[in-house]
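In: pasting the sequence and the predicted model now:
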Protein chains: 2
Amino acid sequence: MRPREFDHDDVLRIAFDQFWRKGVRGTSLSDIARDAGVQRGSLYNAFGSKEALFLQAYERYAGDYLVALQKALGAGSLRKRLTAFFDLTITNFRSGSPPRGCPTTRGLMELGAAEGEGLDEDARKAFANLVSRITALVQDALSAGTERGEFSGNPAVAALHIVTVTRGLAVLERAFDDEPQLRRIAAHTIDLVLGKGAR
Amino acid sequence: MRPREFDHDDVLRIAFDQFWRKGVRGTSLSDIARDAGVQRGSLYNAFGSKEALFLQAYERYAGDYLVALQKALGAGSLRKRLTAFFDLTITNFRSGSPPRGCPTTRGLMELGAAEGEGLDEDARKAFANLVSRITALVQDALSAGTERGEFSGNPAVAALHIVTVTRGLAVLERAFDDEPQLRRIAAHTIDLVLGKGAR
DNA sequence: GCATTATTTGACACGATGTCAAGAATATGG
DNA sequence: CCATATTCTTGACATCGTGTCAAATAATGC
């Protein structure tokens, strides 16, 4: 067995950074190989394909992201927790270098574009998995809020609605580049969910 | 002046159909040229680039779509109108051939992927324009509902929230392929907005 | 009829993905 | 301690897609 000459995780991080900055489509394996100081063929040997590499890089990121979400959703009043959740989401869209946006959502939409080709299905499942886990976190927070009387609806469908809004924000972000507007929508959503909206 | 040997609109329709079915990335100009019985070079001459062709094909479609939306949002009680709006949106995701989803959202996310390249900006504006027009339609419906006492919030931010949910649904659609779930989220959103939710 | 102008056509350059065979480096077994 | 097997690396190659260009072509206006 010949040992690998590069660090698996380093490459995933470098790849994710490139995908984030230039999009999946706009990033070539040559770019990543150059940045990582690895031969292009080695990447194919280690990861299989560009899509497979993206998925692995993305799952790495998703793990970190979920930890941060869990933290944001676990402290303070329900309103505070939801506010922190949206805040983290929106901040995440706009941190780092342009062109901004949600790497997950963008990547998924790009990958899913091709016609049923196997890995397409893997991408779908990976994303569905992340959405489900986020939804579960939100649902837990709402359930806890229910016990404390801060929320009195159906946590399951309410959580799904909230996650839907965050995905919608990821799309609007790319259209408007208007952070205050995103935050207004987020605040309005929280008001609606908690029933303290001006209606 | 030598006359064009193909019909401009026909090509836009054929192109949009291909983009819809295979995604922007998955469709080559050769595909479109073959389908349209036109030489690839002629497409470049007439439309400039793949992105420009997509944008034109997309604007064609957006026009039709807005007409349908206007119709859906103009009849009956506010609840009926919003229901028709979401219904049209979700049905639109799932009509036609796989891989389904919202052509607008998908296309935009794909196009925006590349790093600031000029046309990127055009795409952003085109999409922002569509979102703004949809939002205006929803806002009008809400305003009318306000006068009739069916709605008592801020139509501007409420409309934006509703449109955000539809964009979120477009994303979730690609992850779950679960129409009833989308409809549940839509119904819940309407309940929240109209204040008749179980909360 | 002729020049003008726009379209068509085919060839070309370039870059990206993915494959492959041959070479190189290490671990394992004798 | 050496030989072999196994894996990684490397560079070449095939294929496809975008976009450009010059030459050929076909109407239109004078």
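Out: That came in fine, so what should we check first? The shown structure was predicted, so the numbers you read here are calculated from the model rather than taken from an experiment.
In: can we go C-alpha only for contacts and neighbour counts from here?
Out: OK.
In: can you name the residue of chain A nearest chain B?
Out: Residue nearest to chain B within chain A (Cα to the nearest Cα): residue A:168, separated by 3.6 Å.
In: what does the residue nearest to that residue when sequence neighbours are not counted show for phi and psi?
Out: Closest residue to residue A:168 apart from its sequence neighbours, by Cα to Cα, 6 or more residues apart in numbering or on different chains: residue B:168 at 3.6 Å. In terms of degrees, to the nearest 10, the main-chain angles of residue B:168 are phi -60, psi -40.
In: picking that back up, I'd like to know how many residues surround the residue of chain A closest to chain B.
Out: Residue A:168 has 26 neighbours, counted by other Cα atoms under 10 Å in any protein chain shown.
In: same question for residue A:42.
Out: Counted with other Cα under 10 Å, the neighbours of residue A:42 add up to 14.
In: that older thread, tell me the contacts of the residue of chain A closest to chain B?
Out: B:164, B:165, B:166, B:167, B:168, B:169, B:171 (Cα atoms under 8 Å, 6 or more residues apart in numbering or on different chains).
In: and the residue nearest to residue A:168, how far is that from residue B:43?
Out: Distance of residue B:168 to residue B:43, computed by Cα to Cα, to the nearest Å: 34 Å.
In: just residue A:90 next, same as before
Out: Residue A:90 sits 40 Å away from residue B:43, going by Cα to Cα.
In: look up phi and psi at residue A:27.
Out: Torsion angles, degrees, to the nearest 10, at residue A:27: phi -110, psi 130.
In: before we move on, what about residue A:49?
Out: Residue A:49 adopts backbone torsions of phi -160, psi 170, taken as degrees, to the nearest 10.
In: that one: how many residues sit nearby?
Out: Counted with other Cα under 10 Å, residues neighbouring residue A:49 total 14.
In: and if you look at residue A:193?
Out: If we define neighbours as other Cα under 10 Å, then residue A:193 has 26 of them.
In: element containing residue A:44, please.
Out: Secondary structure assignment for residue A:44, by DSSP states H and E: helix A:40-47.
In: for that helix, packing partners?
Out: Here helix A:40-47 touches helix A:29-36, going by 3 or more Cα pairs under 8 Å, 6 or more residues apart in numbering or on different chains; DSSP states H and E.
In: what's the average pLDDT for the helix it packs on?
Out: Taken as a whole, helix A:29-36 carries a mean pLDDT of 96.
In: look up how far residue B:178 lies from whichever residue of chain A sits closest to DNA strand C.
Out: Going by Cα to the nearest atom of the strand, DNA strand C is nearest to residue A:28 of chain A, at 3.2 Å. In this view, residue A:28 and residue B:178 are 33 Å apart by Cα to Cα.
In: likewise residue A:135?
Out: From residue A:135 to residue B:178 the distance is 15 Å (Cα to Cα).
In: more crowded one of these two?
Out: Taking neighbours as other Cα under 10 Å, residue A:135 and residue B:178 compare with residue A:135 leading, 22 against 11.
In: show the contacting residues for the more buried one.
Out: A:159, A:160, A:163.
In: helix or strand: which one has the second one?
Out: Spelled out, it's residue A:160. Counting by DSSP H and E, residue A:160 is found in helix A:155-176.
In: could you export that helix as CSV, CA atoms only?
Out: The C-alpha trace of helix A:155-176 is given here as CSV (Å, rounded to 0.1, in the frame of the first residue of the first chain):
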residue,chain,number,x,y,z
PRO,A,155,-44.5,21.9,16.0
ALA,A,156,-44.1,19.5,13.1
VAL,A,157,-45.7,21.6,10.4
ALA,A,158,-44.6,24.8,11.9
ALA,A,159,-41.0,23.6,11.8
LEU,A,160,-41.3,22.7,8.2
HIS,A,161,-42.7,26.1,7.4
ILE,A,162,-39.8,27.8,9.1
VAL,A,163,-37.2,25.7,7.3
THR,A,164,-39.1,26.5,4.0
VAL,A,165,-38.7,30.1,4.7
THR,A,166,-35.0,29.8,5.3
ARG,A,167,-34.6,28.0,1.9
GLY,A,168,-36.7,30.8,0.3
LEU,A,169,-34.4,33.3,1.9
ALA,A,170,-31.4,31.5,0.3
VAL,A,171,-33.0,32.1,-3.0
LEU,A,172,-34.1,35.7,-2.5
GLU,A,173,-30.6,36.4,-1.3
ARG,A,174,-29.3,35.8,-4.8
ALA,A,175,-31.9,37.9,-6.4
PHE,A,176,-31.8,41.0,-4.2
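In: tell me which residues in that helix are buried?
Out: For helix A:155-176, the neighbour count (16 or more other Cα atoms under 10 Å in any protein chain shown) marks A:155, A:157-176 as buried.
In: any idea how far the closest residue to residue A:13 other than its chain neighbours is from residue A:49?
Out: Nearest non-adjacent residue to residue A:13, counting by Cα to Cα, 6+ apart: residue A:57, 6.5 Å away. Per Cα to Cα, residue A:57 is found 12 Å from residue A:49.
In: likewise residue A:154?
Out: For residue A:154, the distance to residue A:49 equals 42 Å [Cα to Cα].
In: what's the angle from the helix holding residue A:44 to helix A:29-36?
Out: In terms of direction (axes from the mean of the first three to the mean of the last three Cα atoms, to 10 degrees), helix A:40-47 departs from helix A:29-36 by 90 degrees.
In: in space, what's closest to residue A:103 - neighbours in sequence excluded?
Out: residue A:20 (5.7 Å).
In: elements contacting the one helix or strand in chain A whose mean pLDDT sits lowest?
Out: Averaged element by element with mean pLDDT, DSSP states H and E, chain A has its least confident helix or strand at helix A:103-111 (a mean of 81). In terms of contacts (3+ Cα pairs under 8 Å, 6+ apart), helix A:103-111 is packed against helix A:8-26, helix A:119-147, helix B:103-111, helix B:155-176.
In: what about the first one, near DNA strand D?
Out: Yep, that's helix A:8-26 we're talking about. No - Helix A:8-26 lies out of reach of DNA strand D by Cα under 7 Å from any atom of the strand, never closer than 9.6 Å.
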